[in-house]
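>>> My questions are about this predicted structure, shown below with the sequence.
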Amino acid sequence: MPGLRLLLLLPLALLMSCQMVTRAPAPGWQLERMDIVSRSPAFGGTVFEGGGAYETVVAIAHMRIDPRHPANRDIADIDKAPTAGGWVRYKADVVILRPRDAANASRVLLVELPNRGRKLFPQMVNDASGMLATAADAGNGFTMRRGHTMAWIGWQGNIALSGDGTLAGTDFPIAASAIVGASVEESVFNNHEPEGSMVLSYPAASLDQSGATLTVRPNARAPHTVVPAASWSFKGPSQIGFVRPRGFDAGAIYQFTYQARDPKIMGLGMAAVRDITRFLRHAPDSPLADIRPDATIAVGVSQSGRFLRDLIWQGFNADMVFDGAMPLIAGSRKSFVNVRFAQPGRYSTQHLDHLAYGDRFPFSYAVTKDPVSGRSDGIFARCQRTRSCPKLMHVDSSLEFWQGRASLVVTDGAGSDIALPANVRAYLMSSTQHMAASRSIAGFCKYASNTAQQGPAVRALLDRLVDWVRSGKEPPDSRFPRMADSMLTPFERGAAGFPDLRGIGVDYPGVINELDGYQVHVPMVDADGIDIAGIRLPDVAAPLASHTGWNVRRRGYAEGELCDLTGASIPFSATPRAGDPRLSISQRYPTRIAYAKAVALAARELRDQGLLLQEDVDRYIERARIDQRVNP
């Protein structure tokens, strides 16, 4: 019912008295009220075996926190936020997907930290769209068949409240005092239009061009060329327009540096995730009160995986809000959130935003010594002191080694392995790209994108994580390349073992997303260019192509630079061909039955290791039986 108020200033003492766990929520926050915008059947009323029918609850949480409380003092500029009665107020979207009948609930709460407001975890684990309306939106229905509840909590301060469940946004205050500071925008347009524009993350403090600079360069290693002031102008305080100079192609990097004003208190996003999850778990008026979760797991995909690592590092899980965590495809990076003039959407790649705020020590969960600064730290440093570290599975694709410096998760940056904490597992989804492509397209990349699947690995690992959190059952050992077993190597072709495919027009990259002062490595590959270490799903264990975690930009688009978050699938030829040292499909699999047997063997081996579910074994075998790329 629109406007329904679930809660009117729930006292902290009441929250503490109704807990189901021994660790009490820290003081310093309150949910003033939760407005339920809608409550409706999910997935067109589909009934799932095991979980029954589901419903979607869309709400807006009205929150307030005490800026003086020690748990909140590390929020950047919180001391400069406007207050009323000593409290800082903000709002956040909340979307809940839960079983309608409490008897069907697993009592596992999966909190996905939205990626730019979007629901990405259903795409990975349910092969779904991220929408919740129709039967088709459920995909394979995996989490619903398990009876799990999911929640999405708005945390990104530059995503507006939606109130309709499509995006999870926020309404955060701006620092009250007049603050001016430097801000930088960077863009690659990937088109040949004669003019360009940039929307600024923060309004300009002045429209005087003398206080701002626009530059262009062909790649991140090249010197900046200043664009003359006559060729660009402010289109208002929040946008510039310019004529693109000649001599630079569609992949050129444009950087605008200016004096900005009105920074938002972006770090409130960490408090929002912490405090709204507390409410959902423990409050008697929570929409989940009848299915009180006994295990709460945070998941984040890409941007939100980086944010999750940052949230843990900065101590926002200090009272064990999350029992478990699964940062997906985050690499070694953290986020650009809890600082003045934050830009939560920015992240580092080899070509664009090569150095972003999150590219700094610590990189690993283990407490280690930084070879550059000499100081010691780790993602788990604070939570180890407060004994509040979640059981965590760090899951990366091969691309994170090329673009996200994932080797720094398990090495000290000086070429030596480091031991992960006992409550951390690290898994490589071998030879996959950032998120699996649904179809092979090239765009401004030189090669077709990587279609090797990831969902089957994520489903199996989620089951293992739930078991680990609830019963302490140990999951499979980490499957991440290491220096000691020679599975981490410098990226150059000769060191990594990639086959020489220049005879068929395939160029191996000459660059990686390096970081000054640190040794960055990639997985060793076999004669097909497939990662040797990690979870080798049947797509890569019984391959029909060389699947890579890298791709390069094509001519006219900063040729030769790494191509954003895209890997490549380089198909095997049907029969032997000159210039290609790899076996052809006919040499590998004389018949489709032979191919199906190879797929079945790989799938069943992973199943027996606890890394693949039987339902996915069956899917792989069925697809292999009808795959038209293999001779009948």
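Good, I have the coordinates.
>>> contacting residues around the most centrally placed residue in the chain?
For the chain, residue 302 is the residue whose C-alpha lies nearest the centre (Cα atoms, centre = their mean; 1.4 Å). By Cβ atoms under 8 Å, 6 or more residues apart in numbering, the residues touching residue 302 are 115, 120, 328-330, 434-435, 565. Quick note: C-beta positions are derived from backbone N, CA and C, even for glycine.
>>> Filter these down to the ones in strands?
residue 328 (DSSP state E).
>>> Next, format the contacts of residue 302 as TSV and append pLDDT, neighbour count and distance to residue 80.
Listed next are these as TSV, based on pLDDT from 0 to 100; neighbours: other Cβ atoms under 10 Å; distance: Cβ to Cβ, whole Å:
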residue	pLDDT	neighbour count	distance to residue 80
115	98	24	28
120	97	24	33
328	98	30	34
329	98	28	35
330	98	29	30
434	96	26	36
435	91	22	38
565	96	20	35
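>>> Can you tell me which of the contacts of residue 302 is nearest residue 265?
residue 115 (21.0 Å; Cβ to Cβ).
>>> show me the contacts for the closest one.
300-304.
>>> change it to 6 Å
Applying Cβ atoms under 6 Å, 6 or more residues apart in numbering to residue 115 gives the contacts 301-304.
>>> ok, now residue 48?
141, 144-145.
>>> between those, which is closest to residue 545?
Among the contacts of residue 48, residue 141 lies closest to residue 545 (Cβ to Cβ), at 29.4 Å.
>>> Distance check, the closest one against residue 104.
From residue 141 across to residue 104, the span is 13 Å (Cβ to Cβ, to the nearest Å).
>>> same thing with residue 186?
48 Å.
>>> Residue 253 too?
Going from residue 253 to residue 104 by Cβ to Cβ gives 52 Å.
>>> more neighbours, these two?
residue 253 (23 against 19; other Cβ atoms under 10 Å).
>>> What residues are bridge-paired with that one?
Beta-bridge pairing for residue 253 (DSSP bridges): residue 188, residue 217.
>>> per-residue pLDDT, it?
The model reports residue 253 with a pLDDT of 98.
>>> That one touches residue 217, doesn't it?
Yes. Residue 253 is within contact range of residue 217, at 5.4 Å (criterion: Cβ atoms under 6 Å).
>>> Would you mind giving the domain segments of the protein?
Using automatic domain parsing, the domain parsing of the chain gives 1-173+266-293, 180-261, 296-581, 589-632.
>>> Of those, which shows the lowest average pLDDT?
domain 1-173+266-293 (a mean of 89).
>>> Quick one: classify the closest residue to residue 330 other than its chain neighbours as helix, strand or coil.
The shortest distance from residue 330 to any non-neighbouring residue, by Cβ to Cβ, 6 or more residues apart in numbering, is to residue 305 (3.3 Å). Counting by DSSP: H, G, I helix; E, B strand; the rest coil, the backbone at residue 305 sits in helix.
>>> and residue 305, how many neighbours?
Count around residue 305 with other Cβ under 10 Å applied: 29.
>>> cool, and residue 129?
15.
>>> Could you give the separation between the terminal residues of stretch 139-156?
Using Cα to Cα, to the nearest Å, the end-to-end distance of stretch 139-156 comes out at 27 Å.
>>> Now do that stretch: everything it contacts.
48-51, 54, 92-99, 104-106, 108-114, 119, 125-128, 168-170, 269, 272-273, 276, 344, 459.
>>> now do stretch 334-349
Contacts for stretch 334-349 (Cβ under 6 Å, 6+ apart): 76-77, 156, 181, 183, 201-202, 260, 263, 266-267, 269, 306-307, 309-310, 353, 356-359, 403.
>>> again with stretch 244-262
Counting by Cβ under 6 Å, 6+ apart, 174, 180, 183-188, 190-192, 194, 196, 198, 202-205, 211-218, 341, 553, 556-558 sit against stretch 244-262.
>>> Which residue ranges of the protein form helices?
Here the chain has its helices, by DSSP state H, at 12-17, 121-125, 142-145, 268-282, 303-313, 381-386, 399-403, 455-471, 493-496, 538-541, 585-588, 592-608, 614-626.
>>> quick revisit: would you mind checking the contacts of stretch 334-349 for buried ones?
Buried members of those, scored by 16 or more other Cβ atoms under 10 Å, are 76-77, 156, 183, 201-202, 260, 263, 266-267, 269, 306-307, 309-310, 353, 356-359, 403.
>>> Looking at those residues, which are in strands?
183, 260.
>>> Identify the residue nearest residue 311 in space, chain neighbours excluded?
Nearest to residue 311 is residue 270, by Cβ to Cβ, 6+ apart, at 5.2 Å.
>>> Residue 605: neighbour count?
For residue 605, the count of nearby residues is 15 (other Cβ under 10 Å).
>>> now swap in the one 4 residues further on and tell me
Residues near residue 609, counting by other Cβ under 10 Å, number 13.
>>> hey, C-alpha coordinates of stretch 582-600 in CSV?
In CSV, the C-alpha atoms belonging to stretch 582-600 read as follows (Å, rounded to 0.1, in the frame of the first residue of the first chain):
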residue,chain,number,x,y,z
ARG,A,582,45.9,-25.6,-32.3
LEU,A,583,44.2,-28.8,-33.0
SER,A,584,41.0,-28.5,-35.1
ILE,A,585,37.6,-29.5,-33.9
SER,A,586,37.7,-32.7,-36.1
GLN,A,587,41.0,-33.7,-34.6
ARG,A,588,39.8,-33.2,-31.0
TYR,A,589,36.3,-34.6,-31.4
PRO,A,590,35.8,-37.0,-34.3
THR,A,591,32.1,-37.1,-33.5
ARG,A,592,29.5,-35.2,-31.6
ILE,A,593,29.3,-38.1,-29.2
ALA,A,594,33.1,-37.9,-28.5
TYR,A,595,32.6,-34.2,-27.7
ALA,A,596,29.6,-34.9,-25.4
LYS,A,597,31.8,-37.5,-23.6
ALA,A,598,34.6,-35.0,-23.0
VAL,A,599,32.1,-32.4,-21.7
ALA,A,600,30.5,-35.0,-19.4
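>>> Could you measure from residue 145 over to residue 99?
Counting by Cβ to Cβ - residue 145 and residue 99 are separated by 11 Å.
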